[in-house]
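Colleague: test case, fold it:
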Amino acid sequence: TEGSGGSGEKRRSSSGSAMDDYKFDEAKFFELASESSKLAENVSKKLTIELYTEKYSVEQDSFVEFLHCLHEAKEIDGVLEVGAPILAKEGYPSRMLVRDTVKDHIEDTLKRLDRGERVVHYGTPGYGKSMTGVLVVKKKMGKKLIVIQQGETWYFVPKDFPGTCVVKSMFPNTMKAYAIAQARASGVKTRPIFHLIDPQGQHTVQVIVFGGIAEQLATVSPNTLLLNDKLRSWEKQYGRPIRKVEPHWENEDMKKCYEKCYKSLFALDEYEKRLHFWGNNPRNVFGEMDLVRNALEPAITDLRPADVKQYLEEEGLLRGTGEKYAKSYIVHWLYDRKSEKTLKKIASPYVMQKLFAKANAHELKDLKAFGKKLVAGAARGDLPSIVAADWLERQVFDFFKEKKLNMSTCQKLRTQHALEPADGLSMKGIKRFKNKKFSDVEFEQDYLYVPDWRTLESIDAFFLHDGILYALQVTFAEEHKIKNAGVVRLLKAASKKLSKDLKY
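Modeller: Next comes the predicted model:
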């Protein structure tokens, strides 16, 4: 089960360094490892040859078992039945829906690789970038020597696999030397190697650079692409890199995936519940629901309210985001074919609701600090623009709504449609008036009357319902003194046009 490439054991001094008289025969070492990979017994048992710096061992490996299953897998009705967890990862499915958009995505990738371009697949975690890389590997089996980089382990898949064992190593330089030696032995001169890079995280790991002898494809999350300096260094070397965004999952794709792959695991209402929390993300929707409590809620809680507010207002990136925010919990990455730009979309209705609540809380906090000054300024007409005044008024109404008082938001009040305040009154619509003595007000039942100016004393709006006149005053202060002038003018005008038994 073990072999050595030298003529004897390596001798080391007391400090652990190699003795000067020792010379390692790398060519002989690779020859022995290659012979072992072709032994019938090792091939029949689907074993793996693992390379160390100066010896090798023969063993079993779950990822190699997956590669054997992938080689035999057949696509039936749009579903690839692999028969083993994808990438040999615990919790990953053993089957995958092969979408039409992904087929086009792969074909375009293969054409670019053939032209000598290096391709980076990036996008929303959970969309299936690694699975797309796996499908490209399946296309390359039997046509190329393949090196697959999974985290900190490298796998060499020979051209005549599975007739020859896979060789693996955790030493990048050893794997690179072995792959190049095999490429030279194959006699193919134009890019004989296909190299798939899947670094499995943002932490910096060694990235093998083959130069011009390999077609290279990397599948990474946006955060990994941003933070892995080795990967960014690789991207800048040896030719023109092309970035491609993993295709978005449409509603019909998600439904098809549920019906073809997961219908037996949970009911339709459970699927729709998961969709509400996660949006169109197959890993999260078809994974464990405990993620909502253990991952989604903490991710939202950790977001800074100021960043959320900025994102919602400017549709920019969340500032200061770490890996936890890029795990498709908060936003999805989409590629817009018309504009040829990458867009970001809030992941789901549930996340959108949570983010709005967080942003509103931030605005209310600001208003609590500056509320008295702003409200006083609004009463004097001092706000710099109608837009600013409208914003303030909306926040004031939202504040009362948060306090569970029976008020509708200003945004609803400003529409011309019928509205339903929380106390059950049904307003027929809104009527604005301009005369300070209310001469242009008809005092019709169930209409909300709103002044066109902002300096009406002590009254922001009023309505008549069942013979009772309701006057509304909104304030941030714990108490608000009433200025008689506005109230007296309103009552005089109402008394002229209505019964003297008017209540208010």
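Colleague: lowest-pLDDT helix or strand in the chain?
Modeller: The helix or strand of the chain with the poorest confidence is helix 410-413; it has a mean of 38 (mean pLDDT, DSSP states H and E).
Colleague: low-confidence stretches in the chain?
Modeller: 1-23, 201-204, 238-240, 288-293, 312-328, 339-340, 363-426, 454, 475-479, 499-504 (pLDDT under 70).
Colleague: how far away is E54 from F29?
Modeller: Distance of E54 to F29, given as CB to CB, to the nearest Å: 7 Å. Just so you know, the C-beta spots here come from the backbone N, C-alpha and C atoms, and that holds for glycine as well.
Colleague: of those two, who's got more company?
Modeller: F29 (24 against 17; other CB atoms under 10 Å).
Colleague: now do the contacts for G151.
Modeller: D198, P199, Q200, G201, V205 (CB atoms under 8 Å, 6 or more residues apart in numbering).
Colleague: correct me if wrong: the third one contacts Q150.
Modeller: By that I understand Q200. Yes: in this structure, Q200 is within contact of Q150 by CB atoms under 8 Å, at 6.5 Å.
Colleague: count the neighbours of K341 for me.
Modeller: There are 10 residues near K341, going by other CB under 10 Å.
Colleague: give me the beta-bridge partners of it?
Modeller: D336 (DSSP bridges).
Colleague: what's the answer for V167, then?
Modeller: With DSSP bridges as the rule, V167 is bridged to I49, F156.
Colleague: which residues sit in contact with it?
Modeller: Going by CB under 8 Å, 6+ apart, the list of residues near V167 reads A33, S37, T48, I49, E50, L51, Y155, F156, P158, M175, Y178.
Colleague: now for those, which pair is the farthest apart?
Modeller: Pairwise distances across those (CB to CB) peak at 14.9 Å, for the pair E50 and P158.
Colleague: what's the burial count for P451?
Modeller: Counted with other CB under 10 Å, residues neighbouring P451 total 19.
Colleague: helices of the stretch 1-150 of the chain, residue ranges please.
Modeller: 26-38, 40-44, 62-72, 100-114, 129-140 (DSSP state H, counting those that start in this stretch).
Colleague: list the buried ones in the first one?
Modeller: When burial is assessed from 16 or more other CB atoms under 10 Å, helix 26-38 yields the following buried residues: F29, F30, L32, A33, S34, S36, S37.
Colleague: what of the second one?
Modeller: Taking 16+ other CB under 10 Å as the neighbour-count basis, helix 40-44 is seen to contain the buried residues N42.
Colleague: how far off centre is it?
Modeller: Mean-position distance between helix 40-44 and its chain equals 43 Å (CA atoms, centre = their mean, to the nearest Å).
Colleague: what does stretch 56-72 give?
Modeller: That offset, for stretch 56-72, works out to 31 Å (CA atoms, centre = their mean).
Colleague: what's across from the closest residue to D466 other than its chain neighbours in the sheet?
Modeller: Leaving aside its sequence neighbours, D466 sits nearest to Q445 (CB to CB, 6 or more residues apart in numbering; 7.9 Å). Under the criterion DSSP bridges, Q445 forms beta bridges with L464.
Colleague: how many residues are close by Q445?
Modeller: 10.
Colleague: on that earlier part again, among the contacts of G151, which one sits closest to P305?
Modeller: G201 (28.5 Å).
Colleague: separation between H332 and V351?
Modeller: 10 Å.
Colleague: and for S264?
Modeller: In terms of CB to CB, S264 sits 28 Å off from V351.
Colleague: of these two, which one has the most company?
Modeller: V351 (21 against 5).
Colleague: what about W278, how many residues close to it?
Modeller: 27.
Colleague: which helix or strand contains the closest residue in space to it that isn't next to it in sequence?
Modeller: Sequence neighbours aside, N284 is the residue nearest to W278 in space, at 4.0 Å (criterion: CB to CB, 6+ apart). Per DSSP states H and E, N284 falls inside helix 282-285.
Colleague: so which of the buried residues of helix 26-38 is the closest to H465?
Modeller: S37 (86.8 Å).
Colleague: and the gap between the residue nearest to W278 and C257?
Modeller: 12 Å.
Colleague: what is the neighbour count of I146?
Modeller: 25.
Colleague: wait, it sits on V157?
Modeller: Yes: here I146 reaches V157: they are 3.9 Å apart, a contact under CB under 8 Å.
Colleague: who touches both of the two?
Modeller: V137.
Colleague: so which of the helices of the stretch 1-150 of the chain is nearest I468?
Modeller: Closest among these, once you apply CB to CB, is helix 100-114, at 60.5 Å.
Colleague: contacting residues around the closest one?
Modeller: 119, 121, 128, 132, 135-136, 139, 194, 215-217, 242, 244, 246-247, 253.
Colleague: now list the buried members of those.
Modeller: 119, 121, 128, 132, 135-136, 139, 194, 215-217, 242, 244, 246-247, 253.
Colleague: looking at those residues, spot the one nearest D336.
Modeller: P247 (11.8 Å).
Colleague: grab the nearest non-local neighbour of that closest one.
Modeller: Closest to P247 by CB to CB, 6+ apart is T101, at 4.1 Å.
Colleague: any idea how far the one you found is from K256?
Modeller: T101 is 12 Å from K256, by CB to CB.
Colleague: try H121
Modeller: Counting by CB to CB - H121 and K256 are separated by 22 Å.
Colleague: next one: A494
Modeller: Distance of A494 to K256, computed by CB to CB: 63 Å.
Colleague: between these two, which one's more packed in?
Modeller: Set side by side, A494 and K256 show more neighbours around A494, with 19 against 16, by other CB under 10 Å.
Colleague: bridged to the spatially closest residue to L47 that is not a sequence neighbour, which residues?
Modeller: Take L47 and drop its neighbours on the chain: the residue closest to it by CB to CB, 6+ apart is V58, 5.2 Å away. Beta-bridge pairing of V58 under DSSP bridges involves I49.
Colleague: switch to numbering from 45
Modeller: New numbering, starting at 45: the last item is V102.
Colleague: number of residues surrounding V102?
Modeller: Other residues within reach of V102, judged by other CB under 10 Å, total 19.
Colleague: please name the nearest non-neighbouring residue to S106.
Modeller: A132 (4.1 Å).
Colleague: got it, and A350?
Modeller: H406 (5.8 Å).
Colleague: contacts only, for the one you found.
Modeller: So H406 contacts P349, A350, V352, K353 (CB under 8 Å, 6+ apart).
Colleague: farthest-separated two in these?
Modeller: Checked with CB to CB, the contacts of H406 reach their widest spread between A350 and V352, with 7.4 Å between them.
Colleague: re earlier: any idea which helix or strand comes after the least confident helix or strand of the chain?
Modeller: strand 473-477.
Colleague: what lines up beside that following strand in the sheet?
Modeller: According to DSSP bridges, strand 473-477 forms sheet pairs with strand 491-495 (parallel).
Colleague: got a list of contacts for the partner strand?
Modeller: Applying CB under 8 Å, 6+ apart, the set of residues contacting strand 491-495 is 457, 463, 471-478, 485, 487, 503-508.
Colleague: if we use 10 Å, what do you get?
Modeller: 452, 454, 457-458, 463, 465, 469, 471-480, 482, 484-487, 500, 503-509, 514-516, 530, 534 (CB atoms under 10 Å, 6 or more residues apart in numbering).
Colleague: same question, stretch 478-485
Modeller: 475-477, 491, 493, 495-497, 499-501, 506, 508, 529-530, 533-538, 540-541.
Colleague: quick one: the helices in the stretch 195-344 of the chain?
Modeller: Using DSSP H, counting those that start in this stretch, the helices of the stretch 195-344 of the chain run over residues 216-230, 266-271, 273-280, 295-301, 312-322, 326-329, 334-335, 341-346.
Colleague: before we move on, back to that, now the common contact residues for Q244 and Q194.
Modeller: Contacts common to Q244 and Q194, judged by CB under 10 Å, 6+ apart, are L131, K133, S174.
Colleague: which of those residues sits closest to A117?
Modeller: The nearest one, if we look at these relative to A117 and count by CB to CB, is L131, at 13.3 Å.
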